[in-house]
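**Q** With the sequence up front, the predicted model follows.
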Amino acid sequence: MNRKSLTLYHGLPWPVRSLVASIRGFRLRWQRYGADTDRLVAEALQRERWSAAQWAAWHKERLNHLLHRAVTLVPYYREQWAERRRQGDDSPWEELQNWPILEKEAVRRQPRHFLAEDLKSTRLGETHTSGSTGTPLTLWNTRQGEQSWYALFEARCRNWYGVSRRDRWAILGGQLVTPVATRKPPFWVWNAGLSQLYMSTYHLAPDLIPHYLEALIRYRVCYLLGYPSALHLLAQTALAERRSDLKLQVVIANAEPLYDYQRSVIAEAFHCPVRETYGMSERVSAASECEHGRLHLWPEAGWMEVLNGGRPVAAGGVGELVCTGLVNSAMPLIRYRVGDRGAMDASGSECPCGRTLPRLAEIEGRSDDVLCTVDGRRIGRLDPVFKAGWPIREAQVIQESLDTIRVRLVPSDGFDDAIQQEVAQQLRARLGNVKVEFEKVSEIPRGANGKFRSVICNLTLQRRPQQVG
């Protein structure tokens, strides 16, 4: 929605805004679900018990089809391989490791170059990423591709968690559903097409959050999906107000790392399990958490590689995630650097849930959200620094230089110098002898898409040390 349309939309009465959202919701429902959805869901669930040999055969066939399609029908890849041949490179394109790493900037700069020529963009669904990393993208997909993706979501998220697309649900998302300056509810719209209460993440001030909690009751919300930081703020208020009427089936965390202290508060407030998911707008990979707390990959979504300096990392090691999408044949993204770091589970043990899907051992978050130390280490998740129960509404760790860390935090009643010193000590225990500066604020700003970054590294790539080993 452009600025003019957004201004017009915000000027509409709330019932009309919800009507507009519902009309769009019905169109999205048509794009995402169809006569084949139930069959696709059943097939996805059946594949969860496949053997490694079955998955290997499936991936080989799918990758062969995708790579052939890319090298013959997608201008960007066809031209790339033609140039390599002119330079005497005779590497076979049939082998994935011979393809170069694809950067976001290449896709952003010429998105239509990635469209397969046997499809017309006017007949494809078009979406735009929020540009949370400063690189917004234009993406296209077929209706068949959309339905395949949402069948996986139905199987691997909703089905696992005992809910369905027909249940009433709420999402805390980054769409600007009401002007930021608005100080009176509603801070949401009802999307009848998707049975969805879309709630703004831009109005989560302490005095406004109680209105959100009342809306969850009024709209009979069954489950809640959103950014962990936003869910945590809701949960803190619910506990502070001693609410006992907020009982959901499940809370699904997405788009940000979920920390242990957030999980415990959210689960207590909403009297339900909290499940973590992993994915990105480009849909080249995805994962969801089973009932035993293991994060299982969706193999049909994409093929994931863990690399360090372009080379595979030893099993279980942390590295950059490079993914090849397998769902979108209209706009294939091959060996795409997603910008996150993580590690595959190399334990070899079976998951108690009985599913044979591969597992992620950890997701560190974005490469730019990993802090660097003087001795060359990279430090990912910092949630142990902030203990559950401390009087801190939220906190953000910012690295300004190799030897300086700034902690921006929103304190609650009871916060004192002793807790501040404990935070500094915990950071030094992980980062070494660094200077820790504190900045107390009433609110930590969100990004343009409503997401909250708990860790920010402001070092330039040129100044960051290489990882040891």
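**A** In hand now; what should we look at? Numbering: from 1, shown residues only.

**Q** and the residue nearest to N254 when sequence neighbours are not counted, what is it in contact with?
**A** The spatial neighbour of N254 that comes closest, neighbours along the chain excluded (CB to CB, 6 or more residues apart in numbering), is T277 at 4.7 Å. C-beta here means a position set from N, CA and C on the backbone, and glycine is covered the same way. By CB atoms under 8 Å, 6 or more residues apart in numbering, the residues touching T277 are C157, I252, A253, N254, A286, A287, S288, E289.

**Q** ok, now S329?
**A** H65, L66, R69, A116, T142, G145.

**Q** Tell me the buried residues within those.
**A** For those, a burial check counting by 16 or more other CB atoms under 10 Å picks out L66, R69, A116, T142, G145.

**Q** wouldn't the last one be in contact with G325 here?
**A** To tie it back to what came earlier, the one meant is G145. No - G145 lies out of contact with G325 (CB atoms under 8 Å); the separation is 9.6 Å.

**Q** hmm, which helix or strand of the protein has the shakiest average pLDDT?
**A** strand 378-379 (a mean of 64; mean pLDDT, DSSP states H and E).

**Q** hey, C-alpha coordinates of whichever helix or strand comes after that one in CSV?
**A** Using DSSP states H and E, the helix or strand that follows strand 378-379 in sequence is strand 392-401. Once non-C-alpha atoms are left out, strand 392-401 reads as follows in CSV (Å, rounded to 0.1, in the frame of the first residue of the first chain):
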residue,chain,number,x,y,z
ILE,A,392,13.1,-5.0,32.9
ARG,A,393,10.3,-4.6,30.4
GLU,A,394,12.7,-5.0,27.5
ALA,A,395,16.3,-4.5,26.6
GLN,A,396,18.5,-4.0,23.5
VAL,A,397,22.2,-4.7,23.3
ILE,A,398,24.1,-2.5,20.8
GLN,A,399,27.8,-3.0,19.8
GLU,A,400,29.3,0.3,18.9
SER,A,401,32.9,-0.9,18.7
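
**Q** what helices or strands is strand 392-401 leaning on?
**A** Counting contacts by 3 or more CB pairs under 8 Å, 6 or more residues apart in numbering; DSSP states H and E, strand 392-401 is packed against helix 228-240, strand 371-372, strand 404-411, helix 417-431, strand 455-457.

**Q** Just want the angle from that strand to helix 417-431.
**A** 40 degrees (axes from the mean of the first three to the mean of the last three CA atoms, to 10 degrees).

**Q** low-scoring pLDDT stretches of the stretch 251-400 of the chain, where are they?
**A** 365-370, 375-384, 387-389 (pLDDT under 70).

**Q** Helices of that one, residue ranges please.
**A** Here the stretch 251-400 of the chain has its helices, by DSSP state H, counting those that start in this stretch, at 260-270.

**Q** ok, S148 - contacts?
**A** So S148 contacts L40, E300, V327 (CB under 8 Å, 6+ apart).

**Q** ignore the last one, V410
**A** Here V410 is in contact with I392, R393, E394, A395, K440, V441, S442, E443, I444 (CB under 8 Å, 6+ apart).

**Q** which residues does the fourth one contact?
**A** Going back to what we said before, that points to A395. F386, V407, R408, L409, V410, V423, I444, S454 are the contacts of A395 under CB under 8 Å, 6+ apart.

**Q** And the furthest pair within those?
**A** Maximum pairwise distance among the contacts of A395 (CB to CB): 15.1 Å, between V423 and I444.

**Q** These two: who's more crowded?
**A** V423 (20 against 17; other CB atoms under 10 Å).

**Q** if we can go back for a sec, would you point out the most distant pair within the buried ones among the contacts of S329?
**A** Maximum distance among the buried ones among the contacts of S329 (CB to CB): 14.0 Å, for L66 and T142.

**Q** What's the separation between the nearest residue to E117 once chain neighbours are set aside and N191?
**A** Spatial nearest neighbour of E117, chain neighbours left out: L73 (5.0 Å); criterion: CB to CB, 6+ apart. Distance, L73 to N191, using CB to CB, to the nearest Å: 36 Å.

**Q** repeat for C323
**A** 30 Å.

**Q** same question, A315
**A** From A315 over to N191 (counting by CB to CB), the distance is 43 Å.

**Q** okay, the two: which has more neighbours?
**A** The residue with more neighbours, out of A315 and N191, is N191; 24 against 13, by other CB under 10 Å.

**Q** Could you pull up the contacting residues of the more buried one?
**A** S18, A21, S22, R24, G25, L197, Y198.

**Q** possible to save those residues as JSON lines with neighbour count, pLDDT and distance to W149?
**A** Below are these laid out as JSON lines (neighbours: other CB atoms under 10 Å; pLDDT from 0 to 100; distance: CB to CB, whole Å):
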{"residue": "S18", "neighbour count": "21", "pLDDT": "94", "distance to W149": "26"}
{"residue": "A21", "neighbour count": "21", "pLDDT": "93", "distance to W149": "21"}
{"residue": "S22", "neighbour count": "17", "pLDDT": "96", "distance to W149": "22"}
{"residue": "R24", "neighbour count": "14", "pLDDT": "94", "distance to W149": "18"}
{"residue": "G25", "neighbour count": "20", "pLDDT": "96", "distance to W149": "17"}
{"residue": "L197", "neighbour count": "24", "pLDDT": "97", "distance to W149": "23"}
{"residue": "Y198", "neighbour count": "20", "pLDDT": "96", "distance to W149": "20"}
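
**Q** and those, which of them are in strands?
**A** Among the contacts of N191, the members found in strands (DSSP state E) are L197, Y198.

**Q** show me the contacts for P411.
**A** Taking CB under 8 Å, 6+ apart, one finds P391, I392, R393, K440 in contact with P411.

**Q** Give the bridge partners for it, please.
**A** I392 (DSSP bridges).

**Q** gap between it and S51?
**A** To S51, P411 is 53 Å away according to CB to CB.

**Q** now swap in E305 and tell me
**A** Per CB to CB, E305 is found 22 Å from S51.

**Q** between those two, who's got more neighbours?
**A** The residue with more neighbours, out of E305 and S51, is E305; 20 against 9, by other CB under 10 Å.

**Q** Can you tell me how far the nearest residue to that one once chain neighbours are set aside is from S281?
**A** Once flanking residues are discounted, E305 sits nearest to V322: 4.5 Å by CB to CB, 6+ apart. Shown here: V322 relative to S281, a distance of 17 Å by CB to CB.

**Q** Pick out whichever of those two has more residues nearby.
**A** Shown here are V322 and S281; by other CB under 10 Å, V322 has more neighbours (22 against 16).

**Q** Show me what that one bridges to in the sheet.
**A** Using DSSP bridges, the bridge partners assigned to V322 are E305, R337.

**Q** That one is in contact with Y336, isn't it?
**A** Yes - counting by CB under 8 Å, V322 touches Y336, with 6.7 Å between them.

**Q** Next up, the contacts around P228.
**A** Counting by CB under 8 Å, 6+ apart, P228 has contacts A253, E256, P257, L258, Y259, Q262, R263, I266.

**Q** Give me the spatial nearest neighbour of the one residue sitting closest to the centre of the chain, chain neighbours excluded.
**A** Central residue of the chain (CA atoms, centre = their mean): A255, 2.7 Å from the mean position. Once flanking residues are discounted, A255 sits nearest to Y227: 5.4 Å by CB to CB, 6+ apart.
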